[in-house]
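[1] Below is the sequence, then the predicted model.
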Amino acid sequence: MTVARKKEVRPNRASRAAVSARPQPKRAQPRLDPPKKLSKAELRDVERRLDERQRALTAAIAEERRRIDNEALPQLDADVGDQVDQAFVMTSVEMERGLIDRYTEELGKIAAVRERLASGVFGQCTDCGEPIGAARLQAQPTAVRCTDCQWRHEKIVDIATGAMAS
């Protein structure tokens, strides 16, 4: 008596691709608690910190401008020093102007926070509309995105600029 053996059928590449292209059942995502909103006391603390930071930035901008006007530019106008000295002064001026630009940009972000506070949308993600967590806002009051949207935004920027993180 002979027993017929069943031939084992292995899927080829095309059939494996078709199987993998089928919609897969969604995995249950862990339920996360919604982000905690800032209390009124925490909002007042954020506003106080913004005021302090704004004063510090304004003072730093004034100091950098004073340094450029009183120290660097007179050295460039004088006929003392060689090209290396002049290049050093120009580099210093450009660095100080770069600082002023960054400080001014941060002042703009603080002004935007004040507008969001006044309009009642402070703490709401600009991308998805969901609340930004209190811990994130306390750490970074100028944040405009929740952590998930910020992560996606940074990945898009990395891809667009070709700066893929490894």
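    Received the coordinates, thanks.
[2] tell me what the longest helix along the chain is packed against?
    The helix that spans the most residues within the chain, counting by DSSP state H, is helix 83-119. Where contact means 3 or more CB pairs under 8 Å, 6 or more residues apart in numbering; DSSP states H and E, helix 83-119 is packed against helix 40-67, helix 73-77. Heads up, the C-betas are built off the backbone N, CA and C, glycines and all.
[3] For the helix or strand just after it, what is the distance to the chain centroid?
    Next in sequence after helix 83-119, counting helices and strands by DSSP states H and E, comes helix 134-139. Averaging C-alpha positions (CA atoms, centre = their mean, to the nearest Å) puts helix 134-139 14 Å from its chain's average.
[4] now stretch 73-93
    Its chain's C-alpha centre and that of stretch 73-93 lie 36 Å apart, by CA atoms, centre = their mean.
[5] next one: stretch 94-101
    For stretch 94-101, the distance to the chain centre is 20 Å (CA atoms, centre = their mean).
[6] Could you do stretch 103-110 as well?
    Offset of stretch 103-110 from its chain centre (CA atoms, centre = their mean): 14 Å.
[7] Would you mind pulling the contact partners of that stretch?
    With contact meaning CB atoms under 8 Å, 6 or more residues apart in numbering, stretch 103-110 is reached by 50, 53-54, 57-58, 60-61, 64, 142.
[8] Run the chain-centre distance for stretch 110-117.
    Per CA atoms, centre = their mean, the displacement of stretch 110-117 from the mean C-alpha position of its chain is 17 Å.
[9] Alpha carbons only: can I get it in CSV?
    What follows is stretch 110-117, C-alpha atoms only, in CSV (Å, rounded to 0.1, in the frame of the first residue of the first chain):
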residue,chain,number,x,y,z
ILE,A,110,7.2,85.3,23.6
ALA,A,111,4.9,87.9,21.9
ALA,A,112,3.1,85.0,20.1
VAL,A,113,2.6,83.2,23.5
ARG,A,114,1.0,86.4,24.9
GLU,A,115,-1.3,86.5,21.9
ARG,A,116,-2.3,82.9,22.4
LEU,A,117,-2.9,83.6,26.1
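[10] And it, what's buried?
    Within stretch 110-117, the residues scored as buried using 16 or more other CB atoms under 10 Å are 110, 113, 116-117.
[11] and the helices and strands packed on helix 83-119, which one is worst for confidence?
    For the helices and strands packed on helix 83-119, mean pLDDT drops lowest on helix 73-77, to a mean of 71.
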